[in-house]
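Asks: have a look at this fold, sequence not included:
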């Protein structure tokens, strides 16, 4: 024989129900603490297709590391800045995928909470198109005067 089913909106009626409810709350709290620790350790690294730019961001999307190859001397500051930002945004867009993996355990117990968390990251860091500066297989050099400008 099983006992009464506890629902979040229904208060427990017996000591056994209170004990089960307390254990459930404790287990959920531990899952959220573990998730918080895991989220704090998330980093995403993205490298531009041509290898000129490499960025690492944390779960908040904050830039934690920026590496530039010596080839940066071939480009104007404006072109390089656009390339860095495109690579940064692609790294940030991958954070939601990391969160989706981390929330898999939580999703078993609370799918709405897990989905809301991932959706929040997807809204904050939307999917990015390929790097427009490397779309032609290379960055546009400062001395590349033919064709459209990098900013078009």
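Replies: Cool, the structure landed. Since this is a predicted model, take the numbers as computed values, not measurements. Numbers count the residues shown, from 1 in each chain.
Asks: surely residue 61 touches residue 126?
Replies: No: under the criterion of CB atoms under 8 Å, residue 61 lies out of contact with residue 126, with a separation of 11.6 Å. C-betas here are computed from N, CA, C, even on glycine.
Asks: which of the two has more neighbours?
Replies: When neighbours are counted by other CB atoms under 10 Å, residue 61 and residue 126 differ, and residue 61 comes out ahead with 16 against 11.
Asks: give me the distance between the more buried one and residue 120.
Replies: According to CB to CB, to the nearest Å, residue 61 stands 12 Å off from residue 120.
Asks: ok so residue 88 is a strand residue?
Replies: No: according to DSSP: H, G, I helix; E, B strand; the rest coil, residue 88 belongs to no strand; its state is helix.
Asks: give me the neighbour count for it.
Replies: 19.
Asks: now name the helix or strand holding the residue nearest to it when sequence neighbours are not counted.
Replies: The shortest distance from residue 88 to any non-neighbouring residue, by CB to CB, 6 or more residues apart in numbering, is to residue 55 (5.0 Å). Assigned by DSSP states H and E, residue 55 falls within strand 53-58.
Asks: what residue lies at the spatial centre of this structure?
Replies: residue 95 (1.1 Å; CA atoms, centre = their mean).
Asks: now residue 31, nearest residue through space, not along the chain?
Replies: residue 106 (5.6 Å).
Asks: looking at the protein, which helix or strand is least sure?
Replies: For the chain, the helix or strand with the lowest mean confidence is helix 104-109, at a mean of 80 (criterion: mean pLDDT, DSSP states H and E).
Asks: packing partners for it?
Replies: The contact analysis (3 or more CB pairs under 8 Å, 6 or more residues apart in numbering; DSSP states H and E) places helix 104-109 against helix 15-40, helix 111-124.
Asks: comparing those, which comes out most buried?
Replies: Highest mean neighbour count among those (mean count of other CB atoms under 10 Å): helix 111-124, with a mean of 15.
Asks: got the contact list for it?
Replies: By CB atoms under 8 Å, 6 or more residues apart in numbering, the residues outside helix 111-124 that reach it are 61, 95-96, 99-100, 103-104, 106-107.
Asks: quick check: residue 71 touching residue 52?
Replies: Yes: with contacts counted by CB under 8 Å, residue 71 reaches residue 52, the gap being 5.1 Å.
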